[in-house]
Each structure stands twice: as C-alpha cells, then as structure tokens.
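> Return a 3D structure for these sequence lines:
(one chain, ligands or ions: 1)
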Amino acid sequence: MALTGLDIYKLLPKTNCKKCGRPTCLAFAMQLAQKKANIDECPDVSEQAKQTLGAASAPPIKLVTIGAGDNALRVGEENVLFRHEEKFYHPAGVAVAVSDRLSEAELDKKLKEVSALRFHRVGTEIGINLVAIQNDSGDKDAFARVSQKVSSNINLLLILASQSPEAMAQALSADGLAAKRPLLYGANNQNFESMAKLAKEKNCPLGVHSTSLEELADLTEKIKTLGVSEMVLNYQGNGVRDVLQGLTRLRRAALRKNFRSLGFPTITFLNDQDPYGEIAQASTYLAKYAGILVLHSYEPWQVLPLLTVRQNIYTDPQKPVQVQPKLYEVGQVTPDSPVLFTTNFSLTYYSVEGEVEASRIPTYILAVDTEGTSVLTAYSGDKLNEKVVAKAMNNTSVGERLKHKKLIIPGLVAVMSAKLKDETGWDILVGPKEASGLPSYLKTTWDRHGKKG
Ligand code: SF4
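A predicted model of the protein is given here:
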C-alpha cells in the first residue's frame, strides 16, 4: 500500500532544517508521496525510516533492462497515465519476430532486411530495437541454432520466445548469448518455476504471460519469491479491445492503486494478417501502454509510421523539440547562395532542410530562436518579429558570407516584409507558405529574381 504524505512525515526527523531544499519536513513528505522527491535528499533521515520508505517510494512500475551496455533497452518506470501530466520516460521497444522454422536462406534474407530498418527523422536516427526468436518448431535444436545465428549476425537486442525450459536452456548455453541479457519469454502457470530458475541463473529478465490479469499478478508474486525481480508482462487478451483494456488496467492498477504485483512493463505480440491492421493495432498499443511490441510484418512502410508514433509519444509535451538556433549550410554553399530563415522548432526546421536538400540548390538556413515554436505560433506570440530576425542575422554574421543582401522569408509571415526590410536594409523575398513549395521556389523564383538580382 502506498504511504500518504502524513505517514511519511511521521518517519522524518521533523526538524524543518531545510537541508533538503524544502521549507518544512511536511512539504518534503508531500513531495515524496507524489514521487517528486528522493528520500536521499534528507541527510538526517534514520536508516530504519529509509528502509520503510525505500520500499514504499520505489517506482510503481519496475524498470526492466533488456540487453547490456550502452545499447540496452530500458522499459517501465513510468509515473503517469496521461502524457500531458508529466511525460512518458522510456520509449517502447519495437521487435520483429523471427521463426525458428525459417530455412538458412530465408533467415539470412530476413536478418538483412531487419538490419536495414533504420531511418532518419527530424534529425534523429530511429529504428527497431529487438529481434524475437520464436520457437514455432517446438524443436530445441532448431531454436538454439536460430538463436545463435541471430545473436552472431545482428546488432539488435534479443527476445528468446519459447514455452519450453529445455529449449530455452539450450539456446542460452550458446557462447556469449546469455551475457547479452535477452528477455526470456515466457513463463506461465505451468513452467514458471523452471523459467524463473533459468532467468535467475543467467541474470536475464523474464517475460510472463497469461489470459488473466489475476493470474498474472499471482505469477509475478510467485516468481519474485524465486529471486527474479525484472519481469515483462503479456496480457493475452481476446482481440484489440480486450488487449487495450488489459494494458490500461495494468497501468492503472500499478499507478493508481500502487498494486506492485502488476507493476511491470508489458509486452504485446502482433499477428494480424492485414498489414495495415497490424500497424494500426501496434500504434494503438503504443499509445496505451505497450512496453515492447513484437511485429509479425516488418515492411519499411509499416515500421516507419510506427516509429514516428513512438517518437512523438515519447517527447516531453511541455518542451518543444528544438534545434540549435544558428546558420546552417545545406550543400556546398557559396557567397551567391540563397539564404532563408525559419524557426528552431525541430519539425519546422527539418521539413525546410529536407525540401532544400531535395531542391539540390546549396542554401543557407537561418534557424531563428523562437523557443522551439513554429512560424505562425512564434509570430502570433511575438517571438518572431523583425527585431528577432535581425538579431539572429547579426549574431551569425550571415551578411559577411554573401555577396548579395536578399533574405527569403516564410510565406506565412509575408506581413513582416516591410518592417524587416527597414530593420535590416536587406531585400526581402517572400517564399512559399509551405516547406514543400521550396524546391520549385528555389529553382524558379530565386533563380529569376534572387540570383540574378
Ligand atoms: S532535510 Fe530532512 S529534516 Fe530537514 S527539512 Fe528536509 S526532511 Fe526535514
């Protein structure tokens, strides 16, 4: 049961010494209860109180690490049901399923395709995280062979998926495989003792599955007593609606009721024959509240939208994603190259940069500091005006790099033209309203009116 602020207050020194940075012990206790403070911030708290509070103040959803080293995937330790309340911290892992029924040639082909599932979006490289090797054959030799091959041929994290403890043990006996800390999936009410023994022995996280939340809670408690604390839960619901309800109930039970038996990240397997349906389902589960998604199909056109959804969900909604405000060079710029400005909101900047690249016309892009807001938002909030743009031009000394004095401005703020001309003394050319219009603008309008004066 979670301790209330008053319960916690009774365990504190009650001296109101302020060493924790809060005005009173009660204020600190309230923040501890809301998980906005750490007990270690009070230097005078007793060891006994620490122990009592330590257990109570542990995150309601356990942080689980799959893999080892810098590339490890951390899932769980989320604090809120809704992203706008705080943010979601640990992006869900995306896995592609690989069957141990594949022939050598099919496996080679699939591994090559899976390795290529990396994309650049808004200045960040995004990609899938894991391969889930599935023991569809029921044969432990085939499972071990495919597991070993995947492990040695692909630089992704691993999920070993088999119901058989014998097959799992054999796969884990391959050189160096256990040290990669794969997720062992899955324990159920028949095999959990043997699976937990393996997970403990090899120090690997354990996937647990059931068609009932009550049974899942029961299993996690039993598995904890066997010495395994890192678990990932799969509620095997009946259809999309049931799975979504299950994922939501799991998250609510952990966060709202502090129900530790279900306080673990989740894993969900997709297997829809409709390739559009599979990605629509996966996106739905990503929003609420999948920790790991295992895809059956993995065409780039399916994976990229899913990764885009993930990238959007796991940003802090209270902090616009920004690029550094500065002068960027796209291509081999010269003193005759065009210069245009946009804002330092990542999505805006990268949309502009992408279109400029597509035009193949080397161009300077001045990213003006608007605190990460888009062109119209910044303009309407007076974060983008002639003085702000002139200051950015001065700070970057853009004029010293060019033979001309012509600035292309976003069409959405054409209204700034006259004031900006007065402020800077530059000729102002009104560009397109949308970034998608830039290639044609640079090839025609700039070529006619800008470059040739
Ligand atoms: S440091 Fe500890 S004793 Fe001092 S005010 Fe904070 S909670 Fe109270």
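> what about the closest residue to D175 other than its chain neighbours, how many neighbours?
Using CB to CB, 6 or more residues apart in numbering and skipping residues adjacent in sequence, the residue nearest D175 is Q148, 8.0 Å away. (Glycine included, C-beta is placed from N, CA and C.) Here the count is done by other CB atoms under 10 Å, and Q148 has 18 residues near it.
> What of the one 3 residues further on?
Counted with other CB under 10 Å, residues neighbouring S151 total 20.
> where's the residue nearest to D175, which helix or strand?
Per DSSP states H and E, Q148 falls inside helix 140-153.
> Helix, strand, or coil at L366?
Of the three states, L366 takes strand according to DSSP: H, G, I helix; E, B strand; the rest coil.
> thought it was touching F341?
Yes: between L366 and F341 there is a contact at 4.1 Å, judged by CB atoms under 8 Å.
> what residues do these two have in common as contacts?
Common contacts of L366 and F341, defined by CB atoms under 8 Å, 6 or more residues apart in numbering, comprise 389, 392.
> between these two, which one's more packed in?
Set L366 next to F341 and count neighbours by other CB under 10 Å: F341 wins out with 25 against 22.
> and that one, that's in a strand?
Yes: counting by three-state DSSP, F341 falls inside a strand.
> residues contacting it?
365-368, 389, 392, 407-410.
> what packs against the lowest-mean-pLDDT helix or strand in the chain?
Here the helix or strand of the chain ranked lowest by mean pLDDT, DSSP states H and E is helix 47-57, holding a mean of 79. Judged by 3 or more CB pairs under 8 Å, 6 or more residues apart in numbering; DSSP states H and E, helix 47-57 is in contact with helix 5-11.
> List of residues touching the helix holding Q148?
Outside helix 140-153, the residues within contact range by CB under 8 Å, 6+ apart are 98-102, 107, 111, 131, 133, 135, 137, 158, 160, 162, 164, 166-167, 170-171, 173-177, 180.
> again, but for stretch 394-410
Taking CB under 8 Å, 6+ apart as the rule, stretch 394-410 contacts 326-327, 333, 335-342, 364, 366, 375, 389, 393, 416-417, 420, 424-433, 441, 446, 450, 453.
> From G431, how far off is T444?
Note on T444: its distance to G431, by CB to CB, to the nearest Å, is 12 Å.
> These two: which has the busier surroundings?
Legend: neighbour count by other CB under 10 Å for T444 and G431, higher for G431 (26 against 10).
> ok, back up a step: return the least confident helix or strand of the chain as CSV; C-alpha atoms alone will do.
Coordinates of each C-alpha in helix 47-57 appear next as CSV, following Å, rounded to 0.1, in the frame of the first residue of the first chain:
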residue,chain,number,x,y,z
GLU,A,47,18.3,4.0,8.4
GLN,A,48,15.1,2.5,9.6
ALA,A,49,12.9,5.2,8.0
LYS,A,50,14.9,4.8,4.8
GLN,A,51,14.2,1.1,4.7
THR,A,52,10.5,1.7,5.2
LEU,A,53,10.3,4.5,2.8
GLY,A,54,12.6,2.8,0.3
ALA,A,55,10.1,0.1,-0.4
ALA,A,56,7.2,2.5,-0.5
SER,A,57,8.9,5.0,-2.7
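> Ramachandran coordinates for V80?
Main-chain dihedrals, V80, degrees, to the nearest 10: phi -130, psi 160.
> which residues touch it?
V80 sits in contact with 86-88, 255, where contact means CB under 8 Å, 6+ apart.
> With distance to the ligand, pLDDT and secondary structure as new columns, can these be given to me in JSON lines?
Shown next, in JSON lines, are those (distance: CB to the nearest ligand atom, whole Å; pLDDT from 0 to 100; DSSP: H, G, I helix; E, B strand; the rest coil):
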{"residue": "E86", "distance to the ligand": "23", "pLDDT": "82", "secondary structure": "coil"}
{"residue": "K87", "distance to the ligand": "27", "pLDDT": "89", "secondary structure": "coil"}
{"residue": "F88", "distance to the ligand": "29", "pLDDT": "92", "secondary structure": "coil"}
{"residue": "L255", "distance to the ligand": "25", "pLDDT": "91", "secondary structure": "helix"}
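> Remind me which helix or strand the residue of the stretch 301-450 of the chain at minimum distance from the ligand belongs to.
Ranked by CB to the nearest ligand atom, the top residue of the stretch 301-450 of the chain for proximity to the ligand is Q318, at 27.1 Å. Counting by DSSP H and E, there is no helix or strand that carries Q318.
> That one - how many residues pack around it?
Residues lying near Q318 (other CB under 10 Å) number 9.
> Now do the SS call for the residue nearest the centre of the chain.
Nearest to the geometric centre of the chain sits P91, at 3.1 Å (CA atoms, centre = their mean). Secondary structure for P91, judged by three-state DSSP, is coil.
> How about the secondary structure of the residue of the stretch 151-300 of the chain found nearest the ligand?
Closest contact between the stretch 151-300 of the chain and the ligand, by CB to the nearest ligand atom, is at N258 (21.9 Å). Classification of N258 using three-state DSSP returns coil.
> Run a quick check on it versus I61, I expect a contact.
No: look at N258 against I61 with CB under 8 Å: they stay out of range, at 10.2 Å.
> So those two - more neighbours on which side?
The residue with more neighbours, out of N258 and I61, is I61; 25 against 14, by other CB under 10 Å.
> Residue numbers of the chain in contact with the ligand?
12-13, 15-20, 22, 25, 28, 42, 44 (CB under 6 Å from any ligand atom).
> change it to 5 Å
With CB under 5 Å from any ligand atom as the criterion, the chain comes near the ligand at residues 12-13, 15, 17, 19-20, 25, 28, 42, 44.
> domain assignment for the chain?
What automatic domain parsing lists as the domains of the chain is 5-57, 64-313, 327-451.
> can you tell me which of the ones you listed the model trusts least?
Per-stretch mean pLDDT for the domains of the chain is lowest at domain 5-57 (a mean of 87).
> any chance you could map the helices in the stretch 351-453 of the chain?
Assigned by DSSP state H, counting those that start in this stretch, the stretch 351-453 of the chain shows helices spanning 375-380, 386-396, 417-424, 438-441.
> Kindly report the same for the stretch 151-300 of the chain.
Listed in chain order, the helices found in the stretch 151-300 of the chain under DSSP H, counting those that start in this stretch are 165-172, 192-202, 213-225, 240-256, 275-287, 300-313.
> now the longest one, how far from the chain's geometric center?
Just to be clear, that refers to helix 240-256. 20 Å (CA atoms, centre = their mean, to the nearest Å).
> you'd agree P13 is up against T24?
No: taking contacts as CB under 8 Å, P13 lies outside contact range of T24: 11.4 Å.
> Could the C-alpha coordinates of the helix holding Q148 be exported in CSV?
Provided in CSV are the C-alpha atoms of helix 140-153 (Å, rounded to 0.1, in the frame of the first residue of the first chain):
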residue,chain,number,x,y,z
LYS,A,140,15.1,-27.2,-29.1
ASP,A,141,17.9,-27.8,-31.6
ALA,A,142,16.3,-25.6,-34.2
PHE,A,143,15.6,-22.9,-31.6
ALA,A,144,19.2,-23.0,-30.4
ARG,A,145,20.6,-22.9,-33.9
VAL,A,146,18.5,-19.9,-35.0
SER,A,147,19.1,-18.1,-31.7
GLN,A,148,22.8,-18.4,-32.1
LYS,A,149,22.7,-17.3,-35.7
VAL,A,150,20.6,-14.2,-34.9
SER,A,151,22.8,-13.4,-32.0
SER,A,152,26.0,-13.5,-34.0
ASN,A,153,24.7,-11.8,-37.1
